[in-house]
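**Student:** Provided below for reference: sequence and predicted model.
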Amino acid sequence: MAIEIKELIIKTNIVSRPATSEGETLLDQQAIKEEILAQCKQMVQTMLRERRER
């Protein structure tokens, strides 16, 4: 089943901190991206579940 998402609002807090190495920074960025995508997926699933319950 296809759905259309007209608006997706992502709230986040950005914290500046010095990186100890370039490799660590890249790993941190990838981990953050994965976390954001997981949260977005969870939000969409929740919206779909709530929609089906109506």
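**Tutor:** That came in fine, so what should we check first? Numbering: from 1, shown residues only.
**Student:** and Gln39, how many neighbours?
**Tutor:** Neighbours of Gln39 under the rule other Cβ atoms under 10 Å: 13. In short, each C-beta sits where N, CA and C put it, glycine included.
**Student:** Return the distance of the one helix or strand it maps to from the chain's centre.
**Tutor:** Per DSSP states H and E: Gln39 is located in helix 22-53. Mean-position distance between helix 22-53 and its chain equals 3 Å (Cα atoms, centre = their mean, to the nearest Å).
**Student:** Which strands and helices lie in contact with it?
**Tutor:** Helices and strands touching helix 22-53, by 3 or more Cβ pairs under 8 Å, 6 or more residues apart in numbering; DSSP states H and E: there are none.
**Student:** low-confidence ranges in the chain?
**Tutor:** Along the chain, the parts satisfying pLDDT under 70 run over 1, 17-26.
**Student:** OK, contacts around the residue nearest the centre of the chain?
**Tutor:** For the chain, the residue nearest the mean C-alpha position is Ile36 (1.9 Å; Cα atoms, centre = their mean). By Cβ atoms under 8 Å, 6 or more residues apart in numbering, the residues touching Ile36 are 10, 12.
**Student:** do the one 4 residues further on as well
**Tutor:** Applying Cβ under 8 Å, 6+ apart, one finds that Cys40 lies in contact with 8, 10.
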